[in-house]
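Peer 1: quick one, fold the following:
(one chain, ligands or ions: 1)
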Amino acid sequence: TQAPVNVTVTGAAGQIGYALLFRIASGQLLGQDVPVKLRLLEIPQAVKAAEGTAMELEDGAFPLLAGTDIFDDPKQAFEGTNIALLVGARPRSKGMERGDLLEANGGIFKPQGEAINAGAADDIKVLVVGNPANTNALIARSHAPDVPADRFTAMTRLDHNRALAQLSKKLGVPVTELKKLAIWGNHSATQYPSVQHAEVSGKSVDVDQAWLENDFIPTVAKRGAAIIEARGLSSAASAASAAIDHVFTWVNGTPAGDWTSAAVASDGSYGVPEGLISSFPVTAENGQYKIVQGLEIDDFSRARIDASVAELVEERDTVQKLGLI
Ligand code: NDP
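Peer 2: I've put the predicted structure just below:
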């Protein structure tokens, strides 16, 4: 039988962690025949709550769960880890400037990058969920010089799934009939959900521009706020579900003739500065995400992509000035 895959989850006692861990334990992260060992990282104040979650995991009697360990030290939490899900982050509080937020997150993602560099397994794959996810991933990566840059990714799969759901409702077709949607840029309100290359049942998607600009794009980009408004809490189960999708696809590949979206290190494609962690249409094969090449970009898309990438450049410049990268 296969040795368990080590999966480290940070912020394990949080809302997303609570939804995520049970899906990992049930085999949905990697596949139904792959045993997993969970390594939970929390800040010291939240270790007790993580222990409670670990008790519930034990009570699930999951056949694929080979054990759960809890840590408050990143060095230990990332020792030998194969998959790292970086969920815990410093949320923006009232009156906090973007620089303060980035600085607080530097204090989290710098030591985590260093710990991954020092102790993670050679095949380590990192997904950053905690916001500002793209730039947090950039910080972690810059402190892990021995890890190939393409192993650090940030999550835009929830945005991708939200876009699929909205388009499916608009066209009155199941999501399975839709292909080649794409999220470009930053996981923020500037993100660009694009239907330019999208297909419905093999044909190009025909929707009017006013719906795209006034309805589809803002609904996808502001969905997080709409959920907080309705639920009184931020989206957690859908975020966890998208994290599962991101890793499952990374490991198991995209189907022929389709792609998905993920924030990955730019290779300079589509005018996105090299090294920036930006969302692109991507395929996955042999455990690697690859940016879809050679797409024509129309003027509307160009302007939207450029605006979101400009925000990423600004975030990068801020963390550079703060000495975080
Ligand atoms: P959640 O579990 O709800 O969210 C965790 C992070 O995910 C936040 O940064 C949140 O960003 C982000 N996120 C990304 N996409 C989404 C989405 N679609 N919907 C909601 N959130 C999204 O936060 P909790 O406060 O419940 O839990 C956080 C936990 O992390 C706490 O237990 C805390 O102790 C822990 N923590 C651990 C650290 C560590 O291990 N070193 C460091 C810091 C915190 P946003 O705030 O923008 O919604």
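Peer 1: next, the buried residues of the strand or helix carrying Val47.
Peer 2: Using DSSP states H and E, Val47 sits in helix 47-59. Across helix 47-59, burial judged by 16 or more other Cβ atoms under 10 Å covers 47, 50, 53-54, 57. Every C-beta, even on glycine, is put in place using the N, C-alpha and C of the backbone.
Peer 1: identify the residues contacting Val251.
Peer 2: 30-31, 125, 284, 287 (Cβ atoms under 8 Å, 6 or more residues apart in numbering).
Peer 1: how about 7 Å then?
Peer 2: In this structure, Val251 makes contact with 30, 287, judged by Cβ atoms under 7 Å, 6 or more residues apart in numbering.
Peer 1: near the ligand too, which of the buried residues of helix 47-59?
Peer 2: When Cβ under 6 Å from any ligand atom is applied, no member of the buried residues of helix 47-59 is adjacent to the ligand.
Peer 1: please tell me how far the residue nearest the centre of the chain sits from the ligand.
Peer 2: In the chain, the centroid-proximal residue (Cα atoms, centre = their mean) is Met155; its distance is 1.6 Å. Met155 sits 6 Å away from the ligand, going by Cβ to the nearest ligand atom, to the nearest Å.
Peer 1: these two touch, right, that residue and Gly130?
Peer 2: No. At 9.3 Å, Met155 and Gly130 do not qualify as touching, with contact defined as Cβ atoms under 7 Å.
Peer 1: quick one on the thing from earlier: packing partners of the helix holding Val47?
Peer 2: With contacts taken as 3 or more Cβ pairs under 7 Å, 6 or more residues apart in numbering; DSSP states H and E, helix 47-59 sits against helix 15-25, strand 65-71.
Peer 1: in CSV, list the ones you listed along with distance to Pro111, mean neighbour count and mean pLDDT.
Peer 2: As requested, the helices and strands packed on helix 47-59 are arranged in CSV below (distance: least, Cβ to Cβ, whole Å; neighbours: other Cβ atoms under 10 Å; pLDDT from 0 to 100):
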stretch, distance to Pro111, mean neighbour count, mean pLDDT
helix 15-25, 19, 21, 98
strand 65-71, 12, 18, 98
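Peer 1: figure out which of the ones you listed is closest to the ligand.
Peer 2: helix 15-25 (3.4 Å; Cβ to the nearest ligand atom).
Peer 1: and the angle for the helix or strand that comes right after the closest one with helix 47-59?
Peer 2: Downstream of helix 15-25, the next assigned helix or strand under DSSP H and E is strand 36-41. With axes from the mean of the first three to the mean of the last three Cα atoms, to 10 degrees defining the directions, strand 36-41 sits at 170 degrees from helix 47-59.
Peer 1: mean confidence for strand 36-41?
Peer 2: In this model, strand 36-41 has an average pLDDT of 98.
Peer 1: what comes into contact with that strand?
Peer 2: 4-10, 12, 21, 24-25, 29-30, 50, 54, 64-71, 74, 77, 81.
Peer 1: what does this structure have sitting close to the ligand?
Peer 2: Contact residues, the chain versus the ligand (Cβ under 6 Å from any ligand atom): 10-11, 13-17, 41-43, 46, 87-91, 108, 129-131, 158, 224, 234-236, 239.
Peer 1: how about the helix or strand hosting Val7 as PDB, C-alpha atoms only?
Peer 2: Here Val7, judged by DSSP H and E, is contained in strand 5-10. In PDB, the C-alpha atoms belonging to strand 5-10 read as follows (Å, rounded to 0.1, in the frame of the first residue of the first chain):
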ATOM      1  CA  VAL A   5       0.900  11.900   1.600                       C
ATOM      2  CA  ASN A   6       1.700  14.600   4.100                       C
ATOM      3  CA  VAL A   7      -0.700  17.600   3.900                       C
ATOM      4  CA  THR A   8      -0.100  20.700   6.000                       C
ATOM      5  CA  VAL A   9      -3.000  23.000   6.600                       C
ATOM      6  CA  THR A  10      -2.400  26.400   8.200                       C
END
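Peer 1: adjacent strands (with direction) for it?
Peer 2: Using DSSP bridges, strand 5-10 pairs in its sheet with strand 36-41 (parallel), strand 83-86 (parallel).
Peer 1: tell me the angle the longest one makes with helix 15-25.
Peer 2: Which is strand 36-41. 160 degrees.
Peer 1: and strand 36-41 with strand 65-71, angle?
Peer 2: Strand 36-41 runs at 10 degrees relative to strand 65-71, counting by the same axes, to 10 degrees.
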